[in-house]
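Undergrad: Here is a sequence together with a model predicted from it:
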Amino acid sequence: MERRSFLRGAVVGTSAAAFGFTLWQGAASAAPAQPGPGPYGALGAADANGIQLPAGFTSRVIARSGQTVGSTSYTWHNAPDGGACFANGTGWIYVSNSEISSTGGASAIRFDSSGGITGAYRILSNTNRNCAGGTTPWNTWLSCEEVSTGYVYETDPWGVNAAVRRSAMGRFNHEAAAADPVRKVIYLTEDASDGCLYRFVPTTWGNLSSGTLQVLKAGTGTSGSFTWGTVPDPDGSPTPTRDQVSGAKLFNGGEGCHYANDTVWFTTKGDNRLWQLNLLNSTYELAYDDSLVVGGGAPLTGVDNVTGSSSGDLFVAEDGGNMEICVITPDDVIAVFLRVTGQSSSEICGPAFSPDGRRLYFSSQRGTTGSSSGGITYEVTGPFRA
């Protein structure tokens, strides 16, 4: 098999212009990522927030569930989950889902150019278990419901325009979304043990009110070629969308999804894998598999949300495991970037970089209390490579 051509770059969305693009190409190799020395060095002792970081990095708490955000009057939601950043003049906005049944929705925090919090507000209300999602090139946040008949909601990070349900994107156990401006499609993961990978092809790019839902078709192996088949009934009733197309490839618990420069990465938590779609030649393969780590001792388990940095590094969050965010470099080296201590009953959610790439946001969904009301949202600042 030909070696993957690493074409990792910006997160698709508002931060693309700030991040630019990075092109990586390697020599002949097809092995999934293996542990090695990370680009940021070893972790230090836990800081006052209980986070172990490499030298030069610091953390701060920006929000806690049930408490007001900064000096605002807005109370942060419970069970913070998927998130993303959007440029806002000289500042930025971080949006975060709430994985709560019936009243989930999403909220936003606004920052000025120095990182000061200037506002916080609700952008989506009264939806169900909003887990992950994704940004669009036209600066909206797609918030996805993780229930069997879940919808995708398109929201306004500025909180000006009302959120809109995008029924044409299908009803299923939605998890994450990633926009591909080249092929003008949105990729969608499904959090089910026999879930699929989908793509939505809008009738008009930039308008998600109508279009075609398709599912990835491939063999049963961990590498090969793929095609797309149209889902006849995106409503998923009475037949679930994942059961409507013969030859649809099943994945064990689809989670995070990230697009950069003709490549899609997505995770499957059920088997601790990171998959890679090479869109230029329509092939797929494993980018990481904890069972294929040479010598054992896999650093990444409970794979969940994934995002990318301007250097081409992938940052993958753990649901459980050692409560770590791991980095996978374009050279296929995986290493621990940070570890949250004292929160073994939680999971890490919503990793996202500020538009300038200098700050990483994420949440511990259940925090030190082990309950949905104990969520903590953090910011990590430091010398991220560019």
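TA: Received it, and whenever you're ready, just let me know what you need. Numbering: from 1, shown residues only.

Undergrad: what number of residues lie near the closest residue to residue 70 other than its chain neighbours?
TA: In space, and not counting its chain neighbours, residue 70 is closest to residue 117: 3.6 Å by C-beta to C-beta, 6 or more residues apart in numbering. Placement of C-beta: from N, CA and C, glycine included. Using other C-beta atoms under 10 Å, residue 117 has 18 neighbouring residues.

Undergrad: distance of residue 117 from residue 310?
TA: Plainly put, residue 117 is 24 Å away from residue 310 if you go by C-beta to C-beta, to the nearest Å.

Undergrad: now residue 80
TA: From residue 80 across to residue 310, the span is 25 Å (C-beta to C-beta).

Undergrad: now residue 302
TA: Going from residue 302 to residue 310 by C-beta to C-beta gives 26 Å.

Undergrad: Residue 218 too?
TA: Counting by C-beta to C-beta - residue 218 and residue 310 are separated by 31 Å.

Undergrad: Of the two, which one has the most company?
TA: residue 310 (22 against 19).

Undergrad: Show me which residues of stretch 75-91 are buried.
TA: 75-88, 91 (16 or more other C-beta atoms under 10 Å).

Undergrad: Which two among the residues you listed are spaced furthest apart?
TA: Based on C-beta to C-beta, the longest span within the buried residues of stretch 75-91 runs between 78 and 87 and measures 27.7 Å.

Undergrad: the strands in the stretch 251-386 of the chain, which residues?
TA: 254-259, 263-268, 273-278, 283-289, 303-308, 314-318, 324-328, 333-340, 348-353, 359-364, 376-381 (DSSP state E, counting those that start in this stretch).

Undergrad: Tell me what residue 328 is bridged to.
TA: Beta bridges link residue 328 to residue 314, residue 334 when assigned by DSSP bridges.

Undergrad: which residue packs closest to residue 360, ignoring adjacent ones?
TA: residue 380 (4.5 Å).

Undergrad: Quick one: residues contacting the one you found.
TA: 51, 53, 57-59, 338, 359-362 (C-beta atoms under 8 Å, 6 or more residues apart in numbering).

Undergrad: partner residues bridging it?
TA: Under DSSP bridges, the beta-bridge partners of residue 380 are residue 59, residue 360.

Undergrad: Need the pLDDT of it.
TA: Per-residue pLDDT puts residue 380 at 98.

Undergrad: Regarding this structure, what is its longest strand?
TA: Longest strand of the chain, by residue count under DSSP state E: strand 207-217.

Undergrad: tell me the angle that strand makes with strand 283-289.
TA: 80 degrees (axes from the mean of the first three to the mean of the last three C-alpha atoms, to 10 degrees).

Undergrad: need the next SSE after strand 207-217, C-terminal direction.
TA: Per DSSP states H and E, the first helix or strand lying C-terminal to strand 207-217 is strand 224-225.

Undergrad: Check which helices and strands that following strand is in contact with.
TA: With contacts taken as 3 or more C-beta pairs under 8 Å, 6 or more residues apart in numbering; DSSP states H and E, strand 224-225 sits against strand 283-289.

Undergrad: Run me through the strand neighbours of the strand it packs on, direction for each.
TA: Partners of strand 283-289 in the sheet, by DSSP bridges, are strand 224-225 (antiparallel), strand 273-278 (antiparallel).

Undergrad: want to throw the ones you listed into TSV with mean neighbour count?
TA: Shown next, in TSV, are the strands paired with strand 283-289 (neighbours: other C-beta atoms under 10 Å):
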stretch	mean neighbour count
strand 224-225	13
strand 273-278	22
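
Undergrad: right, and the ones you listed - which one's nearest residue 110?
TA: Nearest of those (C-beta to C-beta): strand 273-278, 32.0 Å.

Undergrad: who touches that closest one?
TA: 4-5, 32-33, 197, 216, 226, 251-252, 262-268, 283-290, 303, 306, 314, 316, 328.

Undergrad: and it with strand 333-340, angle?
TA: Angle of strand 273-278 versus strand 333-340, following the same axes, to 10 degrees, is 130 degrees.

Undergrad: please begin residue numbering at 35 from this point
TA: All right, first residue 35 from here; so that's strand 307-312.

Undergrad: and the angle for strand 307-312 with strand 358-362?
TA: Using the same axes, to 10 degrees: strand 307-312 against strand 358-362 is 30 degrees.

Undergrad: average pLDDT across strand 307-312?
TA: On average, strand 307-312 scores 98.

Undergrad: Relative to residue 97, how far out is residue 159?
TA: Applying C-beta to C-beta to residue 159 and residue 97 gives a distance of 17 Å.

Undergrad: before we move on, back to that, okay, the contacts of residue 414 in TSV with pLDDT and neighbour count next?
TA: TSV is the format used below for the contacts of residue 414 (pLDDT from 0 to 100; neighbours: other C-beta atoms under 10 Å):
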residue	pLDDT	neighbour count
85	98	25
87	98	21
91	98	21
92	98	13
93	98	22
372	98	26
393	98	21
394	98	24
395	98	25
396	98	27
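
Undergrad: where in the protein is pLDDT low?
TA: Filtered on pLDDT under 70, the chain yields the residue ranges 35-64.

Undergrad: can we see that at 90?
TA: For the chain, applying pLDDT under 90 flags the ranges 35-65, 295, 329-331, 354-355, 378, 401-407, 420.

Undergrad: for the residue of it most remote from its centre, phi and psi?
TA: The centre of the chain is farthest from one residue, residue 272, which by C-alpha atoms, centre = their mean lies 29.6 Å away. Taking degrees, to the nearest 10, you get phi -80, psi -10 for the backbone angles of residue 272.

Undergrad: check contacts around residue 84.
TA: For residue 84, the contacting residues are 374-377, 402, by C-beta under 8 Å, 6+ apart.

Undergrad: can you do 7 Å?
TA: 374-376 (C-beta atoms under 7 Å, 6 or more residues apart in numbering).
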